[in-house]
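**Q** The sequence and its predicted three-dimensional model are supplied below.
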There are 2 protein chains.
Amino acid sequence: MPAHPPSKKRTAFFISDGTGLTVEGIGHSLLAQFRDQQVEQVTLPYVDSDARVNQVLQRIEHAAQESGLQPIIITSIVSDQIRKRLHESSALMLDVFESYLAPLANLFGTDPARTVGVSHGIADNPRYSARIDAVHFAMDNDDGRRTREFESADIILVGVSRSGKTPTCLYLALQFGLRAANYPITEEDMDSTALPKILRPFQHKLFGLTIDPRRLMSIRQERRANSRYASPEQCEFEVRQVEQMLRRAQIPYLDATELSVEELATRLMSQAGIERRIS
Amino acid sequence: MPAHPPSKKRTAFFISDGTGLTVEGIGHSLLAQFRDQQVEQVTLPYVDSDARVNQVLQRIEHAAQESGLQPIIITSIVSDQIRKRLHESSALMLDVFESYLAPLANLFGTDPARTVGVSHGIADNPRYSARIDAVHFAMDNDDGRRTREFESADIILVGVSRSGKTPTCLYLALQFGLRAANYPITEEDMDSTALPKILRPFQHKLFGLTIDPRRLMSIRQERRANSRYASPEQCEFEVRQVEQMLRRAQIPYLDATELSVEELATRLMSQAGIERRIS
């Protein structure tokens, strides 16, 4: 029998002179509209020199030859010289700066600076400080470890253990500079469906996360297989109790089962009416 | 004397049916090319219903009338119906899906799905698990608190206290699913410029962060004003010792003074040749 031929995948390159995070985001959302297509996705950051652009062009032509399929480039290169080099390639070019700088320059009546984006580094004192403070706040006030700083929290997430509170708090801190604490509702708090005493003074800044009990079970199984903690009965009981508690105290909540950390963070900000501290 | 007229700022709206993080990123990098322009930047996520698009259109027209300046919309709305409503506004439209879906559809020979991006929710088991594991790993292995898991780290950041290790590790975990630990080089480690014993078995996964001593001083002053810890002599001494230690042990390092957390993370990955674990 003939050997199975290697599957030939098209490649999309996300190319930037910076971190590449923005073009990667654009690429992911565009390609998500063509799920039936098999596309290898490659991010190439810091393409900011002739030597680097040479490497990149070689890699693109290699991908084209390997697969026999025209590659895709999504790019936001500032330097005209490096952009022009990229246009030499045989790929389909989606060039964000080329598409949008001209209409903006026209609107403003001024030319774009064409300088590689100034970043918000440590040297950007107030922004950096707000961000790092928020990160340390989230670390110190994770998992109910400490509650004496709840006073100065922007938001306090509550929910059962492993419902997604910790990553959401850290994301709120890193992305938006928010001081986000979290408090796990544990079995000791579940004798009644009243809010734990410690949380009552902060009711206005509480936000709940809930989760499908089956999904919770599978997350907990990975952590402590075959424990009571990860049993279907326990997961079901905890989720039901916490949802009753949240409803009774009229605390807004989100179901984390189908949402990414980014979605949880941005949705809860818009539901709770919380503004970012850094941009 | 006449009252000073209120400054009239143009507004740029970043509008999405999802989190808005991608269009916001595009907006920031485009507007960074026009630094002399005063532009108010507003992100409007989850614009996915008629009611919401009505609110948004009102807000845009309000901004136009207030300032007398044409607003800017940067958008990635999937729904044709909602996109068309946005095009009713008087703003300059930069529409990412409109610009790029057609050339991609043409390349693939298939129509885009026009469905709101499927996200990587908790339900996306392996990806979610990798991410949450990495976050907990970073929390547990922060600040030299624990070293027994260094064995399973993808990378271990070293540097003086407050050089940016913690936020960088958390970002590596959240964004790339990497298991990133960190270890602060403290005064006890500085009797010699040899690597602390505890780190020696892991030399191949160490990566250093350094920082300008004056910037370090100002960060430390905010934390413990007028302490020896925040004195110019101490900051200078620690930075010099750590840089010597890193050079002597041939550990690669980055200067965090002018770099954002995103840049530190992506640059160190590319220097250390570390691949992301999630995409």
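**A** Arrived safely, thanks for sending.
**Q** Low-confidence stretches in chain A?
**A** Low-confidence segments of chain A (pLDDT under 70): A:1-7, A:117-124.
**Q** Please parse it into its domains.
**A** A:10-108, A:125-272 (automatic domain parsing).
**Q** Make a markdown table out of those domains and add distance to chain B.
**A** In short, each C-beta sits where N, CA and C put it, glycine included. Below are the domains of chain A laid out as a markdown table (distance: least, C-beta to the nearest C-beta, whole Å):
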| stretch | distance to chain B |
| --- | --- |
| domain A:10-108 | 4 |
| domain A:125-272 | 4 |
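**Q** Now distance to B:Ala64 too, for the ones you listed, in TSV please.
**A** TSV is the format used below for the domains of chain A (distance: least, C-beta to C-beta, whole Å):
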stretch	distance to B:Ala64
domain A:10-108	13
domain A:125-272	23
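**Q** Take these and lay them out in CSV including mean neighbour count.
**A** Converted to CSV, those look like this (neighbours: other C-beta atoms under 10 Å in any protein chain shown):
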stretch, mean neighbour count
domain A:10-108, 18
domain A:125-272, 19
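**Q** which one of those domains lies closest to B:Ala105?
**A** domain A:10-108 (7.7 Å; C-beta to C-beta).
**Q** what about that closest one, how long is it end to end?
**A** In domain A:10-108, first residue to last residue: 39 Å (C-alpha to C-alpha, to the nearest Å).
**Q** Spatially, and excluding backbone neighbours, which residue is closest to A:Glu236.
**A** Nearest residue to A:Glu236, sequence neighbours excluded (C-beta to C-beta, 6 or more residues apart in numbering or on different chains): A:Pro213, at 4.5 Å.
**Q** residues touching the one you found, list them.
**A** Residues in contact with A:Pro213, defined by C-beta atoms under 8 Å, 6 or more residues apart in numbering or on different chains, are A:Pro232, A:Cys235, A:Glu236, A:Val239, A:Arg240.
**Q** Just those residues: which are in strands?
**A** Among these, DSSP state E puts none in strands.
**Q** returning to that earlier point: quick one: closest of the domains of chain A to B:Leu57.
**A** In terms of C-beta to C-beta, the element of the domains of chain A nearest to B:Leu57 is domain A:125-272, at 17.8 Å.
**Q** Distance check, the closest residue to A:Gln234 other than its chain neighbours against A:Thr166.
**A** Leaving aside its chain neighbours, A:Gln234 sits nearest to A:Arg228 (5.6 Å; criterion: C-beta to C-beta, 6+ apart). Separation of A:Arg228 from A:Thr166 (C-beta to C-beta, to the nearest Å): 22 Å.
**Q** do A:His87 as well
**A** Separation of A:His87 from A:Thr166 (C-beta to C-beta): 45 Å.
**Q** do A:Ala91 as well
**A** In terms of C-beta to C-beta, A:Ala91 sits 40 Å off from A:Thr166.
**Q** So which residues of chain A form strands?
**A** A:10-16, A:39-44, A:72-76, A:92-95, A:155-159, A:180-184, A:206-210, A:253-255.
**Q** Would you mind pulling up the elements that the shortest one packs against?
**A** Right, strand A:253-255. strand A:206-210, helix A:261-272 (3 or more C-beta pairs under 8 Å, 6 or more residues apart in numbering or on different chains; DSSP states H and E).
**Q** try 10 Å this time
**A** strand A:155-159, strand A:206-210, helix A:232-248, helix A:261-272 (3 or more C-beta pairs under 10 Å, 6 or more residues apart in numbering or on different chains; DSSP states H and E).
**Q** hey, C-alpha coordinates of the first one in PDB?
**A** As requested, the backbone C-alpha atoms of strand A:155-159 are provided in PDB (Å, rounded to 0.1, in the frame of the first residue of the first chain):
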ATOM      1  CA  ILE A 155     -13.800  43.700  43.200                       C
ATOM      2  CA  ILE A 156     -14.000  40.500  45.300                       C
ATOM      3  CA  LEU A 157     -14.700  37.300  43.400                       C
ATOM      4  CA  VAL A 158     -16.500  34.500  45.200                       C
ATOM      5  CA  GLY A 159     -17.300  30.900  44.200                       C
END
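**Q** where's it relative to the chain centroid, distance-wise?
**A** 19 Å (C-alpha atoms, centre = their mean, to the nearest Å).
**Q** ok, that strand: who's next to it in the sheet?
**A** strand A:180-184 (parallel), strand A:206-210 (parallel) (DSSP bridges).
**Q** What angle do helix A:261-272 and that strand make with each other?
**A** Put simply, strand A:155-159 runs at 110 degrees to helix A:261-272, going by axes from the mean of the first three to the mean of the last three C-alpha atoms, to 10 degrees.
**Q** between strand A:155-159 and helix A:232-248, how big is the angle?
**A** Going by the same axes, to 10 degrees, strand A:155-159 makes 140 degrees with helix A:232-248.
**Q** Ok, the last one next?
**A** Between the direction of helix A:261-272 and that of helix A:232-248, the angle (the same axes, to 10 degrees) works out to 30 degrees.
**Q** which stretches of the stretch 1-150 of chain A form helices?
**A** A:21-31, A:50-67, A:80-87, A:96-108, A:125-140 (DSSP state H, counting those that start in this stretch).
**Q** gap between the first one and the chain center?
**A** On the basis of C-alpha atoms, centre = their mean, helix A:21-31 sits 13 Å off its chain's mean C-alpha point.
**Q** what does stretch A:271-279 give?
**A** Stretch A:271-279 has its C-alpha centroid displaced from the chain centroid by 16 Å (C-alpha atoms, centre = their mean).
**Q** Buried residues, it. List them.
**A** Neighbour counts using 16 or more other C-beta atoms under 10 Å in any protein chain shown place A:Ile274, A:Arg277, A:Ile278 of stretch A:271-279 among the buried residues.
**Q** any idea how far A:Arg224 lies from A:Cys235?
**A** Per C-beta to C-beta, A:Arg224 is found 12 Å from A:Cys235.
**Q** same deal with A:Ala134?
**A** Distance from A:Ala134 to A:Cys235, by C-beta to C-beta: 31 Å.
**Q** Kindly report the same for A:Glu275.
**A** In terms of C-beta to C-beta, A:Glu275 sits 35 Å off from A:Cys235.
**Q** Next, A:Tyr46: phi, psi?
**A** phi 60, psi 40 (degrees, to the nearest 10).
**Q** That one is in contact with B:Leu259, isn't it?
**A** No: A:Tyr46 is beyond contact range of B:Leu259, at 11.7 Å (criterion: C-beta atoms under 10 Å).
**Q** so who does A:Ile74 touch?
**A** A:12-16, A:20, A:22-28, A:30-31, A:41, A:43, A:91-96, B:100, B:104 (C-beta atoms under 10 Å, 6 or more residues apart in numbering or on different chains).
**Q** could you redo the last one with a cut-off of 7 Å?
**A** A:Ala12, A:Phe14, A:Val23, A:Ile26, A:Gly27, A:Leu94 (C-beta atoms under 7 Å, 6 or more residues apart in numbering or on different chains).
**Q** Check the gap between A:Ile116 and A:Pro45 for me.
**A** Just to correct that, residue A:116 is Val rather than Ile. 12 Å.
**Q** typo on my end, A:Ser79
**A** In terms of C-beta to C-beta, A:Ser79 sits 14 Å off from A:Pro45.
**Q** just A:Ile15 next, same as before
**A** For A:Ile15 relative to A:Pro45 (C-beta to C-beta), the value is 8 Å.
**Q** Equivalent analysis for A:Ala230, please.
**A** 39 Å.
**Q** swap in A:Ile77?
**A** Distance of A:Ile77 to A:Pro45, computed by C-beta to C-beta: 11 Å.
**Q** list residues touching both of the two?
**A** Joint contacts of A:Ile77 and A:Pro45 (C-beta under 7 Å, 6+ apart) are A:Ser16.
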